[in-house]
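# Provided below for reference: sequence and predicted model.
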Amino acid sequence: MRPDPRISPVYIGSEIYRASTYGPKHPLAIPRVSSCTDLIRAMGWLDPAVYLDAPMADIAQLQRFHTPDYLQALQAAERDLAVSEETRQRYRIGADSNPVYPEVFRRPATSAGGVMLATSLVADGGVVHCPGGGTHHGRPDRASGFCYLNDPVLGILKWRDHGLDRIVYLDIDAHHGDGVQDAFHDDNSVLTISIHEAGRWPNTGHAHDRAGGMARNFPVPRGFNDSEMRHLLHHAIRPLIKNFAPQAILLQSGADSLEEDPLAKLSLSNNAYWEVISAIRPLAPRLVVVGGGGYNPYTVARCWAGIWATLNDIEIADRTTPAAETVLRSLVYNRAAGRNPPEHWFTTLRDAPREGPVRAEIERLAELSRDEVSA
Ligand SMILES: [Zn+2]
């Protein structure tokens, strides 16, 4: 029997992530979904009755957003473990840090299947966590920014197919959720909101960019702290969402906005992520939380495990269980910070809060969005 996400949050994982990497030198050389799953199990937080394996989406399902020729090229890349120059140029597979790797079709198709299952499961309400999802840069006909398929778009389209017409997509990854914003550019039923580091790739999502009316963007400066996230949350994000009165929210919780992430320069602690979850959860009867970026295996696993705890109203203890500590100590991280990881990455899940001054530019971003609400 399928678990009912209205009774208790459902967790969608997959073993496909455990042994799959984008290659030893790639930021996605690290395990993320499998370590999050292992960690919540080791904390005693995962009732097997609420765990579901993500099914792999089939070609017909993926064609709801992606072009047949691109999907064919992606399948061929997995079969041949190589691409022609034409495929590289046209579809950006094997280019721009989108490597050809052994699961280059099956892995993103499983993420897509997981998010589509998640949004279907909550058709009548409830909460699902699917940390394998979140590939927000994927384009209909090409790979972009480590993303081959766009699982948030496919999940939201599932909601549209179920007849929902007031959907919020909220993205707190350090990078702008460009693929999702552009996919719903002309769709008044999907409000896309993105908080991301200003001046970082893909360099879109400026404060005045509303994508035809239904997008709101918060490009934040380096060092963006917990107090600043709280300010945006209560003076911009929550009012925007409340005003829109959504039937469903999809939250992309890319963990690269954390202080210790190697790819971005924002300074959040994981408390800020969990605070966002608690603040937006009451705003819609359906909530799906997906993953996204995040390139430090310790901080990603701790952040996403804490999201699952928050969704389940589980008090996060000060110390990890011995089993959870073993999971964290077994992770391998081949960057400088991985050579001498601080002890608290193993023995705690909760970061020390990173409060700080709320800078004038953050206040301005909030004010700008307020003007837009009343306009
Ligand atoms: Zn990112």
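That came through, no problem. Residues are numbered from 1 along each chain as shown.
# Report the separation between the residue of the stretch 201-350 of the chain found nearest the ion and C147.
With Cβ to the ion, the shortest gap between the stretch 201-350 of the chain and the ion falls at G293, namely 2.6 Å. To be clear about C-beta, it is placed using only N, CA and C from the backbone, and glycine gets the same treatment. G293 is 10 Å from C147, where distance means Cβ to Cβ, to the nearest Å.
# can you check T310 too?
26 Å.
# Ok, L240 next?
According to Cβ to Cβ, L240 stands 25 Å off from C147.
# what kind of secondary structure is the closest residue to H175 other than its chain neighbours in?
Excluding the flanking residues, the one nearest H175 by Cβ to Cβ, 6 or more residues apart in numbering is H196, at 5.5 Å. With DSSP: H, G, I helix; E, B strand; the rest coil as the basis, H196 sits in strand.
# Identify the bridge partners of H196.
Beta-bridge partners for H196, by DSSP bridges, are P219.
# Just the residues contacting the one helix or strand I280 maps to, thanks.
Element membership of I280 [criterion: DSSP states H and E] is helix 270-280. Residues outside helix 270-280 that contact it (Cβ atoms under 8 Å, 6 or more residues apart in numbering): 170, 172, 226, 229-230, 233-234, 237-238, 241, 249, 251, 253, 255, 257-258, 287, 289, 299, 302-303, 306-307, 309-311, 349-351, 353-354.
# Now do the buried residues in it.
270-277, 280 (16 or more other Cβ atoms under 10 Å).
# same check, this time on stretch 118-126
118-119, 121-123, 126.
# Do any residues in stretch 301-309 lie close to the ion?
No. Against the ion, stretch 301-309 shows no contacts by Cβ under 5 Å from the ion, the least distance being 13.0 Å.
# what about that stretch, average pLDDT?
The average pLDDT within stretch 301-309 is 98.
# What lies in contact with that stretch?
9, 11, 32, 35-36, 38-40, 43, 45-46, 129, 131, 253, 255, 258, 270, 273-274, 277, 289, 291, 294, 314-316, 327-328, 331, 345, 348-351.
# Over to stretch 70-84?
Here stretch 70-84 makes contact (Cβ under 8 Å, 6+ apart) with 59, 62-63, 87, 90-91, 93-94, 100, 102-106, 108, 140-143, 148-149.
# change it to 7 Å
59, 62-63, 87, 91, 93-94, 100, 102-106, 141-142, 148 (Cβ atoms under 7 Å, 6 or more residues apart in numbering).
# cool, stretch 107-118 as well?
Outside stretch 107-118, the residues touching it (Cβ under 7 Å, 6+ apart) are 12, 14, 16, 20, 52, 54-57, 61-62, 128, 130, 132-133, 135, 148-149, 151-152, 154-155, 158, 288, 290.
# if we go to 8 Å?
10, 12-14, 16-17, 20, 52, 54-58, 61-62, 74, 128, 130, 132-135, 138, 147-152, 154-155, 158, 288, 290.
# Direction included, what does the strand or helix carrying L287 pair against?
Using DSSP H and E, the element containing L287 is strand 286-290. Strand pairing for strand 286-290, determined by DSSP bridges: strand 126-130 (parallel), strand 248-252 (parallel).
# got the angle between that strand and helix 270-280?
Inter-element angle recorded for strand 286-290 and helix 270-280: 160 degrees (by axes from the mean of the first three to the mean of the last three Cα atoms, to 10 degrees).
# if we can go back for a sec, quick one: which of the contacts of stretch 70-84 sit in helices?
Among the contacts of stretch 70-84, the members found in helices (DSSP state H) are 59, 62, 87, 91, 106.
# And these, which of them are buried?
Buried members of these, counted by 16+ other Cβ under 10 Å: 62, 87, 91, 106.
# The second one against N98, yeah?
No. Assessed by Cβ atoms under 8 Å, T87 is found out of contact with N98, at 11.3 Å.
# tell me how far the helix or strand of the chain with the lowest mean pLDDT is from the chain's mean position?
Within the chain, confidence by mean pLDDT, DSSP states H and E is lowest for helix 336-339 among all helices and strands, at a mean of 79. Distance, stretch centre to chain centre, for helix 336-339: 24 Å (Cα atoms, centre = their mean, to the nearest Å).
# ok, and for that helix, which residues are buried?
G338.
# can you list contacts of that helix?
So helix 336-339 is contacted by 260, 262, 296, 332 (Cβ under 8 Å, 6+ apart).
# Contacts only, for the first one.
Shown in contact with E260 (Cβ under 8 Å, 6+ apart): 296, 298-299, 337.
# returning to that earlier point: for H176, state which of the contacts of stretch 70-84 is nearest.
Nearest to H176 out of these is R142 (Cβ to Cβ; 17.0 Å).
# Okay, and the beta partners of that closest one?
Note on R142: beta-bridge partners R139, judged by DSSP bridges.
# Counting neighbours, what do you get for it?
R142 has 21 neighbouring residues, counting by other Cβ atoms under 10 Å.
# now do N203
12.
# Excluding chain neighbours, what is closest to it?
Distances taken as Cβ to Cβ, 6+ apart put H176 closest to N203, at 7.9 Å, once the chain neighbours are dropped.
# how much space between the closest residue to the ion within the stretch 101-250 of the chain and A336?
Nearest to the ion, among the residues of the stretch 101-250 of the chain, is H175, at 3.6 Å (Cβ to the ion). Using Cβ to Cβ, H175 is found at 22 Å from A336.
# Equivalent analysis for D141, please.
37 Å.
# What of D187?
Taking Cβ to Cβ, one finds D187 at 43 Å from A336.
# Same question for L250.
34 Å.
# G294 now?
G294 is 17 Å from A336, by Cβ to Cβ.
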